[in-house]
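Novice: What would the 3D arrangement of this be:
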Amino acid sequence: MAKVLLLNGSPHVNGCTARALEEMIRVFEQEGIETELIQVGSRNIRGCISCNKCSELGKCVFVDAVNETAAKLAEADGLVVGSPVYYGSPNGTIISFMDRLFYSSAGTVPKQMKVGAAVVSCRRGGNTASFDVLNKYFTISEMPVAAANYWNQVHGFTAEDVEKDLEGLQMMRNLARNMSFMIRSFAEMKEKEGYPANEHASFTSFADGK
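Specialist: Numbers count the residues shown, from 1 in each chain. Modelled structure (predicted):
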C-alpha cells in the first residue's frame, strides 16, 4: 500500500495547520493510501550546524525526530509539509527540521519521484512566500510537486476559522486527490519502465574563479 507522511510544523496540535492536514488525510484514506502524521512544531528541533557528520554517519549527528522521520521517508511515496506563517515565512521549527532532514538524508534516502506538497496556514498574508520556501526542498530533490486548483493554503486564526474557509478546505481535498493520482501513476510507470535516468557526474563550483 502506498504511504504519505504528513508533517505538522505548527506548535498547535489541533490548530489551523492540523485542520488542513486532517482534510487531506480523509481523502487519502478514501483513496486507499496509508498516512502518518508527525507532529514537528511542538518539539525542540535545533538547526543544522554544517558539521557534515551526516556524510560519515549516514544520518544527522543530533539524535531526535529528524533521523526517525528520515527512516520513514525512505519507505514513503509522498511527503506533505504543513506550516503556519510567521513573519511571511514558515515557522523556524519546520525550517530547521527540513534543513536537517533533507541535508542529512541526501546520500541515504532516495527522493526521486516521491511526491511532495506544501500546505500553509495564515490569518491574512505571507502565504505564498511561505509556500515558495517549502517547495524548494522538493524541487532540489527531484520530487515532483503536487498542486491543487489554487495555492495550497487555508486562512484563519483558529481551527474553527478554517472551518469557514470552504475554498481552502476544498483545495486540500483536491490536493490530496491529485497527489494520490500522481503516486499511483509513478508507481505504475516505475513498474513498467523504471524511473528516469539520473546524472550526478557534473558539479560546477567555479573554484578557479573563471
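Novice: Is the most centrally placed residue in the chain in a helix, a strand, or coil?
Specialist: Ranked by distance to the mean C-alpha position of the chain (CA atoms, centre = their mean), the top residue is Val81 at 3.2 Å. The assignment at Val81 comes out as strand when based on DSSP: H, G, I helix; E, B strand; the rest coil.
Novice: residues touching it, list them.
Specialist: Residues near Val81 by CB atoms under 8 Å, 6 or more residues apart in numbering: Leu7, Gly9, Ile94, Met98, Gly116, Ala117, Ala118, Val119, Leu134, Tyr137. The way it works is simple: take the backbone N, C-alpha and C, and place the C-beta from them, glycine included.
Novice: Please look at the fourth one and Lys136 and confirm they touch.
Specialist: I take that to be Met98. No - with contact defined as CB atoms under 8 Å, Met98 does not reach Lys136; the gap is 9.4 Å.
Novice: Which one's more surrounded, these two?
Specialist: Met98 (25 against 12; other CB atoms under 10 Å).
Novice: surely Val133 meets Pro90?
Specialist: Yes - if you go by CB under 8 Å, Val133 and Pro90 touch, sitting 5.5 Å apart.
Novice: rewinding a little: among the contacts of Val81, which one lies nearest to Ala147?
Specialist: Ala117 (7.9 Å; CB to CB).
Novice: If you tally nearby residues, what's the number for the residue nearest to that closest one when sequence neighbours are not counted?
Specialist: In space, and not counting its chain neighbours, Ala117 is closest to Ala146: 4.3 Å by CB to CB, 6 or more residues apart in numbering. Neighbourhood size, Ala146 [other CB under 10 Å]: 24.
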